[in-house]
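J.: Curious how this folds, go ahead:
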Amino acid sequence: MSDAPELTAVREAHRFDEQALLDYLAANLDGFEAPVTIRQFEGGQSNPTFLLEAASGNYVMRKQPPGELLPSAHQVDREHRVMDALRDSDVPVPRMFVSCEDPSVIGTKFYLMEKVEGRVFTDLLLPTLSAAERGAIYEDLARVLAALHCVDPISVGLESFGRPGNYYARQISRWSKQYLASKTEDLPEMDRLMSWLPSHIPESEERVIVHGDFRLGNVLIHPTEPRIAGVIDWELSTLGHPLADLGYVCMDYHADSYYSEGLNRADLSDLGIPSEQQMLDYYCAFAGRANVENWSFYVIYNLFRAAGIIQGVYKRGLDGNASSDSALEFKDACRVRAERAWALVEAL
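T.: Presented below is the predicted three-dimensional model:
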């Protein structure tokens, strides 16, 4: 699927005091002028996102969802911080306008940013585009990801953006805990992965800014050109290991995506989409990296991590506070990813 993101009326579960928001913006955002029409973006499963069409222009607001939140989840303040830090880098990000960490204003933390014009594609096979356009977009995914990893965190004020210690050990622990907190059925493969992963972490001291959810569906493609106009959804960003992001992008070569058929069953050469190895080669060339070792670990880790994330989405759907009505469609997504990850372990 592609086109401009779908807009709906604000969902019942995500309503907030709109007048309180407008009063806050009038006092804290230079040039802001009412009247304002507020609608909600459909899609996206974590932080509710809204379009504010104001007399002074269009803005996009991201806020935490209502209800009880899992520890360390839905950190919209981190999203604002990293995009603001990257504003002058080679990574295309929206301009940030205001961030509010006071939940008393509208009930949760929120921030406002520029509305970047662009297309959103959730079908990895890009059926509406030509083979040349598909190839260019995937190559640009590798280029922009490499550009992010080449940013010096100290130079943009993000030296304290991540916690000390081994990145993978922290992430495996985090997603294990969040999976268990949102667990709805017994999945033996998840239990096995939670045991296998900590003892198979490759040794590496690399530490860069990582997006955490870098994929086709989280970039805005220029309205008429096959290139990335903006990278969005930075909630999971931190300081970490670059191959975690690369493994996440390439995870779809091993399993279907959340929204469509993955790259694992398609004739990529006929479609003009690079193979997994070509994506690794693109990334290494753009990042100035010689090669990638222990590749299977990074794919297995990301399938496990994605399983944990999507289980949380499904649980929020059951609880009635998901950001999209489609959350309940992910009932089997955690199991499918866990089974695929464990199959890769058994193939080693």
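J.: all helices of the stretch 101-250 of the chain, in order?
T.: Under the criterion DSSP state H, counting those that start in this stretch, the stretch 101-250 of the chain carries helices at the ranges 131-149, 167-181, 188-196, 242-250.
J.: gap between the residue positioned nearest the centre of the chain and residue 28?
T.: Per Cα atoms, centre = their mean, the C-alpha nearest to the average position across the chain is that of residue 213, at 2.9 Å. Distance of residue 213 to residue 28, computed by Cβ to Cβ, to the nearest Å: 28 Å. C-beta: built from backbone N, CA, C; applies to glycine.
J.: And residue 8, by the same measure?
T.: 27 Å.
J.: quick one: which of the two has more around it?
T.: More crowded of residue 8 and residue 28, by other Cβ atoms under 10 Å: residue 28, with 14 against 11.
J.: That one touches residue 98, doesn't it?
T.: Yes: Residue 28 is within contact range of residue 98, at 5.4 Å (criterion: Cβ atoms under 8 Å).
J.: hmm, back to that, now the residue nearest to the centre of the chain, what are its backbone angles?
T.: Backbone dihedrals for residue 213, given as degrees, to the nearest 10, come out at phi -150, psi 40.
J.: any idea how far it is from residue 244?
T.: As for residue 213, its distance to residue 244 is 11 Å (criterion: Cβ to Cβ).
J.: Could you report the neighbour count for residue 87?
T.: 12.
J.: same question but for residue 238, I mixed them up
T.: Neighbour count for residue 238, taken as other Cβ under 10 Å: 20.
J.: Of all the residues in the helix or strand hosting residue 22, which ones are buried?
T.: Taking DSSP states H and E as the criterion, residue 22 maps to helix 18-28. Neighbour-count burial for helix 18-28 flags 21, 22, 24, 25 (criterion: 16 or more other Cβ atoms under 10 Å).
J.: is it possible to export those residues to a markdown table including pLDDT?
T.: Converted to a markdown table, the buried residues of helix 18-28 look like this (pLDDT from 0 to 100):
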| residue | pLDDT |
| --- | --- |
| 21 | 96 |
| 22 | 96 |
| 24 | 96 |
| 25 | 97 |
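J.: Export the residues you listed to TSV and append columns for distance to residue 66.
T.: Conversion of these to TSV gives the following (distance: Cβ to Cβ, whole Å):
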residue	distance to residue 66
21	15
22	19
24	18
25	20
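J.: how about those residues, which pair is most distant?
T.: Taking Cβ to Cβ, the two most distant members of the buried residues of helix 18-28 are 22 and 24; they sit 7.3 Å apart.
J.: Pass me the low-pLDDT residue ranges in the protein, would you?
T.: Counting by pLDDT under 70, the chain has low-confidence residues at 1-4, 43-45, 67-74, 256-261, 321-330.
J.: what about the strands in it?
T.: Shown for the chain, the strands assigned by DSSP state E span residues 7-8, 36-41, 49-54, 57-63, 96-100, 110-114, 208-210, 219-221, 228-231, 238-240.
J.: list the helices and strands the first one packs on?
T.: Based on contacts counted as 3 or more Cβ pairs under 8 Å, 6 or more residues apart in numbering; DSSP states H and E, the elements that strand 7-8 packs against are strand 36-41.
J.: so the strand it packs on versus strand 57-63, what angle?
T.: Here strand 36-41 runs at an angle of 50 degrees relative to strand 57-63 (axes from the mean of the first three to the mean of the last three Cα atoms, to 10 degrees).
J.: can you pull the buried residues of strand 36-41?
T.: So, applying 16+ other Cβ under 10 Å, buried residues of strand 36-41: 36, 38, 40, 41.
J.: Pull the residues that contact that strand.
T.: Identification of contacts with strand 36-41 by Cβ atoms under 8 Å, 6 or more residues apart in numbering yields 5-11, 14, 18, 22, 48-55, 60.
J.: Run the chain-centre distance for that strand.
T.: Strand 36-41 sits 22 Å away from the centroid of its parent chain (Cα atoms, centre = their mean, to the nearest Å).
J.: what's the closest non-adjacent residue to residue 61?
T.: Counting by Cβ to Cβ, 6 or more residues apart in numbering, residue 50 is the residue found nearest to residue 61 once chain neighbours are left out, at 4.5 Å.
J.: From residue 52, how far off is the closest residue to residue 334 other than its chain neighbours?
T.: Among residues not flanking residue 334 along the chain, residue 311 sits closest, at 4.0 Å (Cβ to Cβ, 6+ apart). Noted for residue 311: a distance of 32 Å to residue 52, by Cβ to Cβ.
J.: and what of residue 307?
T.: For residue 307 relative to residue 52 (Cβ to Cβ), the value is 35 Å.
J.: which of the two has more neighbours?
T.: Neighbours around residue 307 and residue 52, counted as other Cβ under 10 Å, are more numerous at residue 307. The numbers are 25 against 21.
J.: Can you tell me what sits against stretch 336-348?
T.: So stretch 336-348 is contacted by 187, 189-190, 192-193, 196, 254-256, 296, 299-300, 303-304, 306-307, 310 (Cβ under 8 Å, 6+ apart).
J.: what do you get for stretch 137-148?
T.: Residues outside stretch 137-148 that contact it (Cβ under 8 Å, 6+ apart) are 86, 89-92, 121, 126, 129, 208-211, 214, 216, 219, 221, 226-228, 231, 245-246, 249, 273-274, 279, 282-283, 286-287.
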